[in-house]
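**Student:** 3D model of this:
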Amino acid sequence: MLLEYLNVNSIHILPNAKNWEDVSLELLRKVDEDPVKEDLQNRMESFPNSLFGDLGPHILIPHFRSIHIKNPEVFLFLIPKGILMGDRIIHLILFQIIPETQSSLHLRLLHGLSSLLPQIFDELLECDTESKVLSVVQRGESDMKPSYKNLNQSQIAFELQTDLQNGLTQFEANIRLKTFGKNAIENEKSTPIIWKFFKSFFSLFAILLWVATVL
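**Tutor:** Have a look, this model is predicted:
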């Protein structure tokens, strides 16, 4: 999930950040592509008053779509001392730049992050290097159990690619049956008892006994 789009270069720890402008400048330094940077500059004034989601009182997730990228770009900023935004102290800001053609990806990422980030928030604030941040994220993703509890019915239908009212069409059901097989637990073939009996005579210990008897 998050680890798929995150690397050392997209993580920044800001121990001396005092306000939103400090974070914005660091984000612009992180972005290499000029068209994307220009998009960000044009939209930066609307951050953080629009185009953002939040996870609790200390986490912000600003996002926007761009026609200039083919793959999502994610930038994680940790602010140990926090910055004041409205009536909240923000310690973690995760920027998402999503390709225009993948408009639903932000929603899917957000629902995954809603389980992950609150779970590892305290550990992230203790990190003093980017590599430690990656380790915490990796460990958090491995420990996190997949869950649909944060999705509503329409989002679950989207994730499972089905219709909650009518179910799968016969054509789609046939495709999934061919691809994944039957939704059933297959019984493993057991070894015949007679074979187990004869096999016991030819184990290493049994052979040693045979040799000892002959001697």
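
**Student:** I'd like the next helix or strand past the lowest-mean-pLDDT helix or strand in the chain.
**Tutor:** Within the chain, no helix or strand scores below strand 52-54, which has a mean of 59 by mean pLDDT, DSSP states H and E. With elements assigned by DSSP states H and E, the helix or strand that comes after strand 52-54 is strand 59-66.

**Student:** on contacts alone, who are the packing partners of the helix or strand following that next one?
**Tutor:** Going down the chain from strand 59-66, the next helix or strand is strand 73-85, by DSSP H and E. Contacts defined by 3 or more CB pairs under 8 Å, 6 or more residues apart in numbering; DSSP states H and E place strand 73-85 against helix 2-5, strand 11-13, helix 20-30, strand 88-99, helix 105-125. Bear in mind the C-beta positions are built from the backbone N, C-alpha and C, glycine included.

**Student:** in JSON lines, list the ones you listed along with mean neighbour count and mean pLDDT.
**Tutor:** Formatted as JSON lines, these follow (neighbours: other CB atoms under 10 Å; pLDDT from 0 to 100):
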{"stretch": "helix 2-5", "mean neighbour count": "16", "mean pLDDT": "82"}
{"stretch": "strand 11-13", "mean neighbour count": "20", "mean pLDDT": "93"}
{"stretch": "helix 20-30", "mean neighbour count": "16", "mean pLDDT": "86"}
{"stretch": "strand 88-99", "mean neighbour count": "21", "mean pLDDT": "89"}
{"stretch": "helix 105-125", "mean neighbour count": "17", "mean pLDDT": "82"}
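
**Student:** turn the ones you listed into a markdown table, including distance to Gly181.
**Tutor:** Converted to a markdown table, the helices and strands packed on strand 73-85 look like this (distance: least, CB to CB, whole Å):
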| stretch | distance to Gly181 |
| --- | --- |
| helix 2-5 | 27 |
| strand 11-13 | 41 |
| helix 20-30 | 45 |
| strand 88-99 | 34 |
| helix 105-125 | 26 |
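
**Student:** out of these, which is closest to Val133?
**Tutor:** strand 11-13 (5.1 Å; CB to CB).

**Student:** partners of that closest one, with directions?
**Tutor:** Strand 11-13 has the following sheet partners, assigned by DSSP bridges: strand 73-85 (parallel).

**Student:** returning to that earlier point: mind checking which of the helices and strands packed on strand 73-85 is nearest Trp210?
**Tutor:** Here helix 2-5 is closest among the helices and strands packed on strand 73-85 (CB to CB), at 56.4 Å.
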